[in-house]
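Chemist: next input, structure requested:
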Amino acid sequence: MIFTVTFNPSLDYIVGLDSFREGEVNRSEWEHTYPGGKGINVSMVLKNLDIRNIALGFMGGFTGKEIQRRVKEFGCYTDFVKIKAGNSRINVKIKAQKESEINGQGPAISKKELAELFKKMESIVAGDILVLAGSIPAALPEDTYENIMKHLENRGVKIVVDATGELLLRVVKYRPFLIKPNNHELGEMFGKTLKGHDEIVFYAKRLQEMGAQNVLISMAGDGAILVDENGEIHKMKPPKGMVKNSVGAGDSMVAGFIAGYLKNKDLQEAFTMGVATGSASAFSETLATKAEVMTLLEQLK
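Modeler: I've put the predicted structure just below:
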């Protein structure tokens, strides 16, 4: 089974405007509302690819109920911890001449509620995959990811971590199966501005030396690089298409990698599927569908 964790899920309220005028009343041209959060995105794309999974995390108040309702309506299994204090956050995304975002803080999470999440993880066993995605909200200890990985250590669980900066550096010692920084995040972790594939590969290998098994680096329009656990370096340009929405593309790449890996346990196949799936979401107004992924997969092959 695959489990995803979203500590701070959201309702994403997306508003389209011809133009945004600061300090004035603006009227939307169109509006959409989606459940948001990196782990939830991974779960939804996996569902689109016919991969059964369970979404874990926290939900609070009327917004939390709506997030859970929408994720279930989409066809995903959920097992969220219901929190008592506050509401799950609403993120506002404005699409006009430029894209702007206002992200909510999210509710407080108690020690008891965090312990309840750990209890739910007792059902994770050898052969399962756990995806830890996104930042840790201020309401939780900074070492929450580390504590989860300690909790599951030596159980034969493959852990995927999609996080950035110090948070990612702190968990690589627990040998995650896959980590997925982009090229800018990779450079920031080492205080460098990376120029060219050779430097990207060099610092990806540094993360392997620190414990990571497979390092997948997304590079937007320049494609992606995978430095795998066998020492092989895989590079791929993205398929052709028009970028419509970058939100969720990285999460989709993670979902695609997992789906590709589950097929034959082949890392090259996983990499190709990851690039196709991330690109399919980038070329769509919503998260990638299976048909969109398969079309791009044929182009890449």
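Chemist: Q268 should be in a strand, yeah?
Modeler: No: counting by DSSP: H, G, I helix; E, B strand; the rest coil, Q268 falls outside a strand, being helix.
Chemist: remind me which helix or strand A280 belongs to.
Modeler: Under the criterion of DSSP states H and E, A280 resides in helix 267-282.
Chemist: got a list of contacts for the following helix or strand past that helix?
Modeler: Following helix 267-282 in sequence order, the next helix or strand is helix 290-300 (DSSP H and E). For helix 290-300, contacts defined as Cβ atoms under 8 Å, 6 or more residues apart in numbering pick out 48-50, 236, 239-241, 256, 272-273, 275-277, 279-280, 283-284. Placement of C-beta: from N, CA and C, glycine included.
Chemist: repeat for stretch 30-39
Modeler: Outside stretch 30-39, the residues that reach it (Cβ under 8 Å, 6+ apart) are 4-6, 8-16, 44, 55-57, 66-67, 70-71, 74, 91, 131-134, 162, 250-251, 286.
Chemist: give me the distance from it to the chain's centre.
Modeler: Stretch 30-39 sits 14 Å away from the centroid of its parent chain (Cα atoms, centre = their mean, to the nearest Å).
Chemist: give the buried residues for that stretch.
Modeler: The neighbour-count check on stretch 30-39 (16 or more other Cβ atoms under 10 Å) flags Y34, P35, G36, G37, K38, G39 as buried.
Chemist: mind putting these into CSV with secondary structure and pLDDT?
Modeler: Shown next, in CSV, are the buried residues of stretch 30-39 (DSSP: H, G, I helix; E, B strand; the rest coil; pLDDT from 0 to 100):
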residue, secondary structure, pLDDT
Y34, strand, 92
P35, strand, 95
G36, strand, 92
G37, coil, 93
K38, helix, 94
G39, helix, 96
